[in-house]
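>>> mind looking at a prediction? Sequence and model below.
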Amino acid sequence: MKTKLLLFIAMIALSLNVQAKKYPQIKFEKTTIDFGTFSMDNPIQKCVFKFTNVGNAKLVITQVHASCGCTVAEYPKDFIAPGASGEIKVTYDGSNKMPARFKKSIQIFTNSKEEMTRIFIVGDMTDVPVSKKSK
């Protein structure tokens, strides 16, 4: 009987310890940004992905990896406190690309429970000049 009671108490203590584990969690306002249609005359496009640490521990972005060399991402190197926000700035350079519709992914590696998150940029680069009024 004592063994069963001790085993029961140990299981409760273990479950409480697991529940008490704190994790950060990254949540983006948008996971895809569409540049729309733009001309080869203006091949460099920039955007900002805003996020919040909705977890209960400090968030660290350990690495960011873009699917192609034409896409570069700048990200915060400091801790993001629980409830705090940050930005990932993404630049797409289509200078060496043919006109086409594209979709590029950016992998965000963090110390959260789900270690990797993906965000995307999409757009349509054309060889026809795009007037500012038609955007």
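Structure received.

>>> what about the residue nearest to Thr117 when sequence neighbours are not counted, neighbour count?
Taking CB to CB, 6 or more residues apart in numbering, and ignoring the residues beside it in sequence, Thr117 has Ile108 as its nearest neighbour in space, at 4.6 Å. C-betas here are computed from N, CA, C, even on glycine. Per other CB atoms under 10 Å, the neighbour tally for Ile108 reads 22.

>>> can you check Ser39 too?
Other residues within reach of Ser39, judged by other CB under 10 Å, total 15.

>>> likewise Ser95?
The local packing count at Ser95 equals 8, with neighbours defined by other CB under 10 Å.

>>> all numbers from here: first residue = 9
OK, 9 is where the count begins now, so the last one is Ser103.

>>> now the helices for this protein?
Secondary structure of the chain, counting by DSSP state H: helices at 10-28.

>>> no further questions, thank you.
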